[in-house]
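Peer 1: Turn this into a structure:
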Amino acid sequence: MHKFNHTVGLAFDPAVSSHFHVLCLERAFPKTFITGVNIYSSRTRAWSYRDSGIVEKATLFRSKCVFVGGMLYIMGNLEDINGEYVLVGVDMEGKVWKTIRVPYGSKFGTIGLSQGCLHYVIAPVK
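Peer 2: Next up, the predicted model:
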């Protein structure tokens with residue numbers, strides 16, 4: 001199965017450390033679910049690879065990433081559960097993965113960071 005990069009995010013918090021990580025989430029082709037992550041560490045100056053730790057098959061559809069609490073988050077959906085919308089999170093080492101189901105799931109939702117907290121917002125539909 002051929003893999004290619006889908007989404008790249010920067011994991012950096014200057015209040016914690018001057019070091020950063022670049023996370024490059026990969027998906028499988030022709031399928032679109034996440035298969036793993038390539039991680040660059042400014043501390044080691046090297047790339048490492050980790051297989052996805054997500055039990056469900058998650059697809060990413062947003063390019064905006066938010067880094068908070070040691071995790072990089074991005075919007076996605078689950079392929080096997082009626083396309084349910086989720087936040088996909090991965091830590092800077094690719095060891096901890098999580099999916100958070102979002103209420104009132106919508107592809108029009110967005111995520112952000114404010115005062116150290118992760119936020120999820122959707123626009124009201126008229």
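Peer 1: Next, count neighbours for residue 101.
Peer 2: By other CB atoms under 10 Å, 11 other residues sit near residue 101. The way it works is simple: take the backbone N, C-alpha and C, and place the C-beta from them, glycine included.
Peer 1: following the helix or strand bottoming out on mean pLDDT in the chain, which helix or strand comes up?
Peer 2: Counting by mean pLDDT, DSSP states H and E, the weakest-scoring helix or strand in the chain turns out to be strand 2-11, with a mean of 72. Downstream of strand 2-11, the next assigned helix or strand under DSSP states H and E is strand 21-29.
Peer 1: and whichever helix or strand comes after that following strand, what does it pack onto?
Peer 2: Tracing the chain C-terminally past strand 21-29 and defining elements by DSSP H and E, one meets strand 34-41 next. Contact here means 3 or more CB pairs under 8 Å, 6 or more residues apart in numbering; DSSP states H and E; on that basis strand 34-41 packs against strand 2-11, strand 21-29, strand 46-51, strand 58-60.
Peer 1: Could I get the buried residue list for the shortest one?
Peer 2: It refers to strand 58-60. Neighbour counts over strand 58-60 (16 or more other CB atoms under 10 Å) mark 58, 59, 60 as buried.
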